[in-house]
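Peer 1: Quick check, what structure comes out for this input:
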Amino acid sequence: MIDRGFSHDAITALQQSEVAVLLFVDIDWPGGRVRAHTGLGTRTFQGQDYIGVGEFGGVSEVVEAANNSPNQIRLTLKVLDASVVGLVMNNSPEGREVAVHMAVLNDDRVIEHEVPFVVDGNVASFDIQRGDLSKDIPYVMQITCSDWFERWSRPPESARTTDSAQQHLHPGDRIFDLTEVIAAAPLSAMPMKNVTDWEKRREEKFG
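Peer 2: Numbers count the residues shown, from 1 in each chain. I've put the predicted structure just below:
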């Protein structure tokens, strides 16, 4: 696991044979952040309030590989509120940032140690399993989160001034096919050597 600067006391507490923890999930959902935790009621973590979802929420095991393969976790939420289902189905969080934090509780169920950013990545996929609210069968929402290894392996969608990126977004569009050539060539090799030459060509073309 990558060393994230967790405190020695927090690591020692997590290594005990019996330990009570809560997970806090922070998603940059379209229209506003969503913050929830695996317990009940409202909890505050690092100054932000999180709403408890209890047994309606779930987080898969967090495993961090030693190689360059993407690390993924799955977040699930069972929903019996029709208004929430409608809101979520119209706003996909794919590509948005997501973080999972952890808190170690003492014997009084009070947060004793905060362990931030156990997971720090993006939403890779979002799926909804249909339910039947009239029969109290919940919809099940599943969010697959992945770390930066997966982002690196994807085509450079945000690098919009390269030919490879443009071909990925718009196959056949050659507007950037000479970008790399121009960027690598000295200024003296360019067809327009100064501002006056550029203005002359512009005037000839557009009048």
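Peer 1: Which residues are in contact with residue 105?
Peer 2: 20, 21, 22, 111, 112 (CB atoms under 8 Å, 6 or more residues apart in numbering). Glycine gets a C-beta too; all of them are placed from N, C-alpha and C.
Peer 1: of those residues, closest to residue 38?
Peer 2: In terms of CB to CB, no member of those lies closer to residue 38 than residue 22, at 5.5 Å.
Peer 1: The helix or strand hosting the closest one pairs with which strands, and in what direction?
Peer 2: With secondary structure defined by DSSP states H and E, residue 22 is part of strand 20-27. Its sheet considered, strand 20-27 pairs with strand 34-37 (antiparallel), strand 97-105 (antiparallel) by DSSP bridges.
Peer 1: Would you mind finding the longest strand in this protein?
Peer 2: Of all segments of type strand in the chain, defined using DSSP state E, the longest is strand 111-129.
Peer 1: which of the residues in the helix or strand just after that strand are buried?
Peer 2: Past strand 111-129, further along toward the C-terminus, the next helix or strand under DSSP H and E is strand 139-146. Using 16 or more other CB atoms under 10 Å as the test for burial, strand 139-146 gives 139, 140, 141, 143, 144, 145, 146.
Peer 1: distance of the fourth one from residue 175?
Peer 2: Right, residue 143. According to CB to CB, to the nearest Å, residue 143 stands 36 Å off from residue 175.
Peer 1: follow-up on the earlier one: could you flag which of the contacts of residue 105 are buried?
Peer 2: Of the contacts of residue 105, these count as buried by 16+ other CB under 10 Å: 21, 22.
Peer 1: Show me which pair in the contacts of residue 105 is furthest apart.
Peer 2: Longest span within these, CB to CB: 22 and 112, 11.1 Å.
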